[in-house]
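Colleague: Build me a model:
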Amino acid sequence: MTKRLFVKILAVVLPALLLFIGLEIAKAQNSSNSALQGHVTSQEEGPMEGVLVSAKRTGSTITITVVSDAQGQYSFPRDRLEPGQYAVRIRAIGYEMDNPGAVDLTDQKGTVLDLKLHKARDLSRQLSNGEWLMSMPGTAEQKQIFLNCDTCHTFERIVRSQHDAAEFAQVMRRMTTYAQGSTPSRPQVRPAGPAATGGDMGLSPAAAERIAKQAAFAATVNLSNSSQWDYPLKTIPRPTGKATKVIITEYDLPRPEAMPHDAVIDQQGMVWYSDFGSQYLGKLDPKTGKTVEYPIPLMDPNEPRGSLDINFDPSGYVWIGQMYQGVIARFDPKTQEFKTWKMPDFGKGDLARTAMVTPVHVDVDGKVWVGANDEYQVDVKSGKWVTVDYEQGLPKDSPLAKLNLGSYGVAADSRNNFYGMNLAGTFITKVDAETMKVTRFATPTPNSGPRRGHVDSQDRLWFGEYRGNNIGMFDTKTEQFKEYAVPTPWTNPYDAVLDNAGYAWAGGMSNDHIVRVNTATGESTEYLLPHTTNVRRVNVDNSTNPPTFWVGNNLGATIIKLEPLAP
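Modeller: Take a look at the predicted model:
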């Protein structure tokens, strides 16, 4: 062989050889860093991006989820999966997995498991609430009647039913008697019945007429007239790009009936949660998955059980809004003792709801704000409750006086001024902590349904616009709004919070999406959760880099941690 020919052959072969060696080295390095990895493929698509792959060790209460990338590859970091036998599942709309059986992982080398997917036999079993709303015919106003239903169950229960309009009306009337902390298997009936009185089954004539109209529409989107829906089923695309760069951890709670409504993180990294349907305050250790639950004293045995809002005060006490029990409660983590304050209407049924409590700046003036059937400023020392007068200064003939101006979510700025979110309408309401003067500010999007929110270190209120499908921000100093549109319709953000890296987070109550918005650029990333998730209060842990997102699955008895891996 001549020297010139050898050089030519080397010029052709060497790059390919180096590439092969590089790929093998990268593969070996990736394998050494992964406990479990592989490719997700299907006959229809080949390599599949955006497939959620979940692994749970036998006997464990913790499930870890990763997402396949643009090449269809998924990988579990070695430090996330202990040695043992694992069950693997996937979430990919329109697809199911050929069962790979149990997977044995060792601490010596990574395991490779390629996953084969096939088309789902029944797509309707996979749709989220938001996808049902996208699919069904009708106006946005007509579909919004279902937004209260996901408090207790999925929309699949509605569209798969065979009720006609008259039967639906009976069901809806019965459900007006249920407390919010109910599920189909554990309904809690309010002794006082529905809030509106008079008329059929305790309903006012106006309420009965509204239910009849809603029932008529509901009967047009279910299976009352046919064995299949007469409208196409629409789906949301799988995650792509940054939305695949995430690790999601689910922690099972000890009671399968647990309803973790709010989840907050203390300075020691413990996650505290309220139970929407039972008298428990819970604490989760994310490092071990161990949970401790503290029974909350039952104050009114005649009323439904459960808590909603949970917050810390500057001293580290845990405060809980006790819903129909008619009290706010404070828990001392050191002594493990509860102290309660009864509201003025204690023992009066619906009038005694105490859903929210905001003690974050009680050190300013010794007072906490309470969101209830009405809203109150409560002096912790004296026990005095002062009612917020929403109609303060309004002429009797003012159109505003006819609206429901009350607040669902409540928050406080650094001076302990109150900010209420008007779920029934469009307002952010400020109440001066010293004078109790009321000032209303309308969101740029009409009828946006501000629901719950958090005040950041700059005294800006971040909140979810439930009907507006936006994340809202109200600067309490300049009194100016800014809204960030959520890309996917029918996300219905329940709450919003800003992290220390400048990202605003919200949770999709209807479509299992967690939304992260870069407030500097407006770029949105939507992470899909592994299960149907009834998202309520959202929180972030700013002690991690990047910040970690936390939420309770209110109807799934789990606490969820989401760690973004890409800025």
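Colleague: so where's the stretch 51-200 of the chain uncertain?
Modeller: 192-200 (pLDDT under 70).
Colleague: can you give me the strands for it?
Modeller: Assigned by DSSP state E, counting those that start in this stretch, the stretch 51-200 of the chain shows strands spanning 52-57, 62-67, 73-77, 84-91, 95-97, 103-105, 111-112, 115-119.
Colleague: same check, this time on the stretch 301-450 of the chain
Modeller: Using DSSP E, counting those that start in this stretch, strands in the stretch 301-450 of the chain cover 310-312, 318-321, 327-332, 337-342, 354-358, 367-372, 375-379, 385-387, 409-412, 418-421, 427-431, 438-442, 450-455.
Colleague: circling back to that earlier point, what's the closest of the strands of the stretch 51-200 of the chain to residue 168?
Modeller: strand 84-91 (30.9 Å; Cβ to Cβ). For the C-beta atoms, the positions are set from N, CA and C on the backbone; glycine is no exception.
Colleague: Buried by neighbour count: which residues of the closest one qualify?
Modeller: Within strand 84-91, the residues that count as buried by 16 or more other Cβ atoms under 10 Å are 86-91.
Colleague: most packed of the strands of the stretch 51-200 of the chain?
Modeller: Across the strands of the stretch 51-200 of the chain, the average number of neighbours (mean count of other Cβ atoms under 10 Å) peaks for strand 62-67, which reaches a mean of 23.
Colleague: And the contacts of that strand?
Modeller: 50-56, 74-76, 80-81, 239, 243-252, 289, 528, 530 (Cβ atoms under 8 Å, 6 or more residues apart in numbering).
Colleague: same deal with stretch 204-223?
Modeller: 136-138, 142, 145-146, 158-166, 168-169, 171-173, 176, 194, 196-200, 203, 229, 231.
Colleague: circling back: make a markdown table out of the buried residues of strand 84-91 and add distance to residue 380.
Modeller: Converted to a markdown table, the buried residues of strand 84-91 look like this (distance: Cβ to Cβ, whole Å):
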| residue | distance to residue 380 |
| --- | --- |
| 86 | 49 |
| 87 | 49 |
| 88 | 51 |
| 89 | 47 |
| 90 | 50 |
| 91 | 46 |
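Colleague: circling back to that earlier point, need the strands of the stretch 301-450 of the chain in JSON lines (columns: distance to residue 127).
Modeller: Formatted as JSON lines, the strands of the stretch 301-450 of the chain follow (distance: least, Cβ to Cβ, whole Å):
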{"stretch": "strand 310-312", "distance to residue 127": "31"}
{"stretch": "strand 318-321", "distance to residue 127": "33"}
{"stretch": "strand 327-332", "distance to residue 127": "39"}
{"stretch": "strand 337-342", "distance to residue 127": "42"}
{"stretch": "strand 354-358", "distance to residue 127": "30"}
{"stretch": "strand 367-372", "distance to residue 127": "33"}
{"stretch": "strand 375-379", "distance to residue 127": "37"}
{"stretch": "strand 385-387", "distance to residue 127": "44"}
{"stretch": "strand 409-412", "distance to residue 127": "29"}
{"stretch": "strand 418-421", "distance to residue 127": "29"}
{"stretch": "strand 427-431", "distance to residue 127": "34"}
{"stretch": "strand 438-442", "distance to residue 127": "35"}
{"stretch": "strand 450-455", "distance to residue 127": "24"}
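Colleague: Could you give the backbone dihedrals for residue 552?
Modeller: phi -90, psi 140 (degrees, to the nearest 10).
Colleague: And the closest residue to it other than its chain neighbours, how far from residue 72?
Modeller: Sequence neighbours aside, residue 260 is the residue nearest to residue 552 in space, at 3.2 Å (criterion: Cβ to Cβ, 6 or more residues apart in numbering). Distance of residue 260 to residue 72, given as Cβ to Cβ, to the nearest Å: 34 Å.
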